[in-house]
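Enquirer: give me a 3D structure for the following:
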Amino acid sequence: MSSKSFAVRTALATAAAALLMPLAAQAQNIAVVNGKPVPKARVETLLQQAARAGQQIGPELQQQARDQVVLREIFVQEAEKKGLATSADYKAQMELARQSILIRELFDNFRKTHPVADATAQAEYDKIKASAAGTEYHARHILVETEDQAKALIAQIKAGASFEELAKKNSKDPGSGENGGDLDFAKPDAYVPEFSQAMVALKKGEMTETPVKSQFGWHIIRLDDTREAQFPAFEEVKDQLKQRMEQASLQQYQEELRKKARTDYKFGGE
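Expert: Purely as a prediction, here's the structure:
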């Protein structure tokens, strides 16, 4: 190959590279504003923030993000031209923003490096399920002010009056009274001891023969049904349970950092 031919090829390659360089630079930027390139990475960051907030990333949102990034550059350049970036207020706000971003990254990093394994979530599920096991009672009640009122209503029910209708008319418990005294299924520990003791002593379809006194007044209780406590399957609640466990772990991590820090500051409540 002649030196002339080599020189020509070198010149062509250099020229081609020179033509391609602006294209490569352009591929990294979304626009140029007053001579300053606007990186596409800013659009990606904005879209990541939107996705983190639960928004669906579609063509319309992508266009909005591009518009927003270019507008921000236009506005920022004007603010810098006016010298606003040197103000004390701006610097104070930037420091707070820097801290917020770093803290978010710290917590995100903790979540990524301390995931809750399925086996750990399963163990927690089993523990919760075991504590929730037992019999649930479907009861109705009528709550009144005095024992005499309760006795009179018991007599009416025994004479054939509708328990449900009397509850609607007389019960001072607005939540259940409007539904005929219906308390739905619940475990005994959901009620005050006097109520639960009287309720569990009943058989299905039975009503308390005498009024039951509690801190709320006088109750007439009827037991409609019983069943074993209902509990959702692990797969139905796994994601929610893992999220709750991850949040608890993060809170513990935050508390550990607070306790380890050497400071003369006294937090509220200490």
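Enquirer: drop to CA atoms for contacts and neighbour counts, all remaining ones
Expert: Will do.
Enquirer: average pLDDT across the lengthiest strand in the chain?
Expert: Identified as the longest strand of the chain according to DSSP state E is strand 217-228. Mean pLDDT, computed over strand 217-228, is 97.
Enquirer: what comes up buried for that strand?
Expert: 217-224, 226 (16 or more other C-alpha atoms under 10 Å).
Enquirer: gap between that strand and the chain center?
Expert: 35 Å (C-alpha atoms, centre = their mean, to the nearest Å).
Enquirer: now stretch 214-232
Expert: 31 Å.
Enquirer: for stretch 39-56, same thing?
Expert: The chain centroid and the centroid of stretch 39-56 are separated by 21 Å under C-alpha atoms, centre = their mean.
Enquirer: so which two of the buried residues of strand 217-228 are the farthest from each other?
Expert: The span of the buried residues of strand 217-228, defined through C-alpha to C-alpha, is set by 217 and 226 at 24.9 Å.
Enquirer: show me where the stretch 1-150 of the chain has helices.
Expert: For the stretch 1-150 of the chain, the helices defined by DSSP state H, counting those that start in this stretch occupy 3-28, 41-52, 59-81, 88-113, 118-132, 147-158.
Enquirer: other SSEs contacting the second one?
Expert: Secondary structure elements in contact with helix 41-52, counted by 3 or more C-alpha pairs under 8 Å, 6 or more residues apart in numbering; DSSP states H and E, are helix 59-81.
Enquirer: which one is residue 228 nearest to, not counting chain neighbours?
Expert: residue 135 (4.6 Å; C-alpha to C-alpha, 6 or more residues apart in numbering).
Enquirer: isn't that neighbour up against residue 231?
Expert: No: taking contacts as C-alpha atoms under 8 Å, residue 135 lies outside contact range of residue 231: 11.9 Å.
Enquirer: for stretch 190-202, which positions count as buried?
Expert: Those would be 195-196, 198-200, 202, for stretch 190-202 by 16+ other C-alpha under 10 Å.
Enquirer: residue 203 against residue 221, yeah?
Expert: No: using C-alpha under 8 Å, residue 203 is not in contact with residue 221, being 11.4 Å away.
Enquirer: take the buried residues of stretch 190-202 and write them to JSON lines, including pLDDT, secondary structure and distance to residue 28.
Expert: Shown next, in JSON lines, are those (pLDDT from 0 to 100; DSSP: H, G, I helix; E, B strand; the rest coil; distance: C-alpha to C-alpha, whole Å):
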{"residue": "195", "pLDDT": "98", "secondary structure": "helix", "distance to residue 28": "71"}
{"residue": "196", "pLDDT": "97", "secondary structure": "helix", "distance to residue 28": "70"}
{"residue": "198", "pLDDT": "97", "secondary structure": "helix", "distance to residue 28": "75"}
{"residue": "199", "pLDDT": "98", "secondary structure": "helix", "distance to residue 28": "72"}
{"residue": "200", "pLDDT": "97", "secondary structure": "helix", "distance to residue 28": "72"}
{"residue": "202", "pLDDT": "97", "secondary structure": "coil", "distance to residue 28": "76"}
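Enquirer: out of these, flag the one nearest to residue 253.
Expert: So of the buried residues of stretch 190-202, ranked by how close each gets to residue 253 (C-alpha to C-alpha), first place is residue 196, at 40.6 Å.
Enquirer: skipping its backbone neighbours, what lies nearest that closest one in space?
Expert: residue 188 (5.1 Å).
Enquirer: low-confidence ranges in the stretch 151-270 of the chain?
Expert: 270 (pLDDT under 70).
Enquirer: and the stretch 1-150 of the chain, by the same measure?
Expert: For the stretch 1-150 of the chain, counting by pLDDT under 70, the residues that fall below are 1-27.
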